[in-house]
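Q: Return a 3D structure for these sequence lines:
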Amino acid sequence: MVHGAREIEIKLAVPDAPTARSKLRSVGFAVVRRRVFETNVVFDTPGLALRRTARLLRLRQAGRIATLTYKGQPEVARHKSREEVESEVSDRDALGTVLERLGFLPVFRYDKYRTEYRQGGRGGVAMLDETPIGVFIELEGTPAWIDRSARRLGFSEADYITSSYGRLYLEWCRRQHRKAADMVF
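A: Have a look, this model is predicted:
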């Protein structure tokens, strides 16, 4: 993702990672970034001002790469669309300390394994996300590309998920009658 762009995406639930990999390969997707473990820490004010306005401040470590991300308020229709500004950082721990000194607190951590796929020169990216609450294919690109790709993968608009992993985790906890904490393995 370029720093300072509009993110347009959906998620699709799949039974397991082998099924997802098979579906992606069958329609011409190839791995462009190998499977990597990610840990994501969401920061907010003590009063959760960002959460209340559906914005996000996240510090991610994916392999050796650390990234700070701001996500603006989403516009949710068939696809989720929102401003996304990202920057790689050289020292995740130091930046986390800076955020805390500025009054932001770590309020939620979620982990996942992510593999990125692309189809030749076609615009858009498919991500295979293996999370503690299930496996998802995330499609990010133009609405037309997302819809075409989802259909080719065997999904319909009824299958589109526009919720964040945080929201999906809270829903999962309610269904499992579990107390929500961090979404970690």
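
Q: Any buried residues in stretch 16-36, and which?
A: By neighbour count on 16 or more other CB atoms under 10 Å, the buried set for stretch 16-36 is 20-21, 23-24, 29. C-beta coordinates here come from the backbone N, C-alpha and C atoms, glycine included.

Q: Please, where are all the strands along the chain?
A: For the chain, the strands defined by DSSP state E cover 5-14, 30-44, 56-62, 65-71, 75-76, 80-89, 105-118, 125-131, 134-140.

Q: mean pLDDT for the ones you listed: which is lowest?
A: Mean pLDDT is lowest for strand 75-76 out of those, coming in at a mean of 83.

Q: Provide the strand pairings for that strand, with the direction of each partner.
A: Strand pairing for strand 75-76, determined by DSSP bridges: strand 80-89 (antiparallel).

Q: can you count the residues close to residue 146?
A: Neighbour count of residue 146, defined by other CB atoms under 10 Å: 22.

Q: what sits against it?
A: Neighbouring residues of residue 146 by CB atoms under 8 Å, 6 or more residues apart in numbering: 8-10, 79, 124, 139-140.

Q: ok, and the closest non-adjacent residue to it?
A: The shortest distance from residue 146 to any residue other than its chain neighbours is 4.7 Å, reached at residue 139 (CB to CB, 6 or more residues apart in numbering).

Q: Name whatever forms a beta bridge with the one you found.
A: Beta-bridge partners, per DSSP bridges, of residue 139: residue 10, residue 126.

Q: Am I right that it is in contact with residue 12?
A: Yes: at 7.1 Å, residue 139 and residue 12 qualify as touching, with contact defined as CB atoms under 8 Å.

Q: now the strands of the chain as a markdown table including distance to residue 163?
A: Shown next, in a markdown table, are the strands of the chain (distance: least, CB to CB, whole Å):
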| stretch | distance to residue 163 |
| --- | --- |
| strand 5-14 | 8 |
| strand 30-44 | 15 |
| strand 56-62 | 13 |
| strand 65-71 | 13 |
| strand 75-76 | 9 |
| strand 80-89 | 8 |
| strand 105-118 | 13 |
| strand 125-131 | 12 |
| strand 134-140 | 10 |
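
Q: Fine by me, thanks again.
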